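> following is a predicted model, sequence given first.
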Amino acid sequence: MAYNTTPFHGKVCRVEKNNVSMDFSMGWSLNVSLDMADASRAGQNWKEALPGQAGWNGSFEVHFVAGNTEQKAFFDNIVAATPGTKLTDVKFLLDGTTNAFTGNIFITSLAVPAQMGGVVKATINFQGDGALTLTDAA
């Protein structure tokens with residue numbers, strides 16, 4: 001695998017679906033967490049914990065361009081009459097071609113602020129389904 005050996009620059013980070021990079025991307029954010037159960041008992045000075053399930057979610061922001069096929073697929077996923085379809089083969093590229101986080105997602109919300117004098121943007125929030133992997137996407 002060809003993982004990075006120098007820091008990434010955010011200008012090349014993109015969202016990709018079905019091996020097609022989405023245009024007009026403004027960045028993405030991933031949050032990974034691990035549930036922890038308190039296993040403390042009487043007489044202890046320090047708390048104990050047991051690991052539970054891991055999960056992940058995040059968001060990405062774009063300049064709103066509904067004519068972009070990849071953007072429209074994400075918009076349609078929640079705006080459609082039957083939202084809640086799992087999107088598979090979604091990649092969060094770190095360097096445009098090689099290193100990426102990969103996983104399946106459900107779109108949980110779409111925000112489109114349109115302000116006078118500004119570029120219309122969209123923020124898409126999602127919930128990961130199953131494992132998130134860090135891979136060499138090449």
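Arrived safely, thanks for sending.

> and the residue most central in space within the chain, what does it touch?
By CA atoms, centre = their mean, the mean C-alpha position of the chain lies nearest to residue 58, the distance being 4.5 Å. Shown in contact with residue 58 (CB atoms under 8 Å, 6 or more residues apart in numbering): 28-31, 92, 125-126, 128. (Glycine included, C-beta is placed from N, CA and C.)

> how about the residues you listed, which pair is most distant?
With CB to CB as the measure, no two of these lie farther apart than 92 and 125, at 13.8 Å.

> higher neighbour count, those two?
Using other CB atoms under 10 Å as the criterion, residue 92 and residue 125 rank with residue 92 on top: 22 against 17.

> helices or strands up against whichever strand or helix holds the more buried one?
Secondary structure assignment for residue 92, by DSSP states H and E: strand 87-93. Judged by 3 or more CB pairs under 8 Å, 6 or more residues apart in numbering; DSSP states H and E, the packing partners of strand 87-93 are strand 14-17, helix 69-79, strand 99-111.
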